[in-house]
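Next comes the sequence, and after it the predicted model I'd like to discuss.
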Amino acid sequence: MKITLLSTSTSPSDQGLRTLSACLKREGHDVKMIFLPLGTWDYAEVYSKEILEQLKRETKDSKLIGINAMASTTKRAEQLIKFFKELNIPVVWGGPHPTFFPEKSFELCDIVCVGEAEEAFIELANKMDKNEDY
């Protein structure tokens, strides 16, 4: 299954996303990672229309989107979640923010990953790939 993982992190290494990608690939999924530019250090700033259009092209075949968010990048993650909901692509929201505030995160996103994602995200992806209930 085609999966896109998006990093809103201020850290270019984003080890968690890279680990999740490796685990999903090991299970046979086709994974693309996209590290989004910060633009500025103004955390209230959201992504431009041009970046969203590019994301639309890059994710057009994806069956599942994973978005990480730290507290500082929550506004940007929320923008992306709304964007992909309009495209009818399921989104999993993970990272420190949804882990610490899962109830608030569920107000915006249907699937929230709390804590380490390696097992839960893989189980979800495998079930979706087989059209099983999740």
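Looks like it came in fine.

Going by C-alpha atoms from here, please, whenever you check contacts or count neighbours.
Noted.

What is the least confident helix or strand in the protein?
The weakest-scoring helix or strand in the chain, judged by mean pLDDT, DSSP states H and E, is helix 96-100 (a mean of 92).

Next, the buried residues of that helix.
Neighbour-count burial for helix 96-100 flags 96-99 (criterion: 16 or more other C-alpha atoms under 10 Å).

Could you pull out the buried residues of stretch 125-134?
In stretch 125-134, the ones that count as buried by 16+ other C-alpha under 10 Å are 125-126.

again but with stretch 103-119, I slipped
Neighbour counts using 16+ other C-alpha under 10 Å place 105, 109, 111-114, 117-118 of stretch 103-119 among the buried residues.

What ranges does the protein have for its strands?
Counting by DSSP state E, the chain has strands at residues 2-7, 30-35, 64-68, 91-94, 111-112.

Residues contacting the last one, please?
Contacts to strand 111-112, defined as C-alpha atoms under 8 Å, 6 or more residues apart in numbering, come from residues 90-94, 98, 102, 105-106.
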